[in-house]
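S.K.: Whatever this is, show me its structure:
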Amino acid sequence: MSLRYTGHRVKSLFEAGNNYLPISLQRIEADIFIQNILKRLYKEKLTVLSKHDSILCKYSEADIVEIIMKEELDRIFDAGNYFLRKKLITESSSHKQEAA
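M.R.: Sure, this is the predicted structure:
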């Protein structure tokens, strides 16, 4: 027996099963970031963009964005059950990345 997983390829049950977990995790991640965090940030009229499991924002709004993210993640996962990392992206750092 096989499953049609995409319009171009038929996958075996084993192949489809191996893909199930990462796809499910991606959907959960998207739900958390889009339906919870991003929605609340937009409601607060903040200038933000979602990029996978990240939120891009203005430097001047970074503190409030971090507070809101922590509130939402604490509500979903409870405090201390996740890790946040902040990264400052500047024009010069993006040029360094392009050169590398």
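S.K.: how distant is the helix or strand where Leu21 lies from the center of its chain?
M.R.: If you go by DSSP states H and E, Leu21 is part of helix 13-30. Relative to the chain's own centre, helix 13-30 is displaced by 16 Å; criterion: C-alpha atoms, centre = their mean, to the nearest Å.
S.K.: Show me what the helix or strand following it is packed up against.
M.R.: Toward the C-terminus, helix 13-30 is succeeded by helix 39-43 as the next helix or strand (DSSP H and E). Applying 3 or more C-beta pairs under 8 Å, 6 or more residues apart in numbering; DSSP states H and E, we find helix 39-43 packed against helix 62-77. Every C-beta, even on glycine, is put in place using the N, C-alpha and C of the backbone.
S.K.: so where's the chain uncertain?
M.R.: Within the chain, the set of residues satisfying pLDDT under 70 comprises 1-8, 13, 16, 93-100.
S.K.: Nearest residue to the middle of it?
M.R.: Asp53 (1.8 Å; C-alpha atoms, centre = their mean).
S.K.: so what's that residue closest to, chain neighbours aside?
M.R.: Leaving aside its chain neighbours, Asp53 sits nearest to Glu29 (5.5 Å; criterion: C-beta to C-beta, 6 or more residues apart in numbering).
S.K.: now that neighbour: how far from Ser54?
M.R.: To Ser54, Glu29 is 11 Å away according to C-beta to C-beta, to the nearest Å.
S.K.: intersection of neighbour lists for those two?
M.R.: Residues touching both Glu29 and Ser54 by C-beta atoms under 8 Å, 6 or more residues apart in numbering: none at all.
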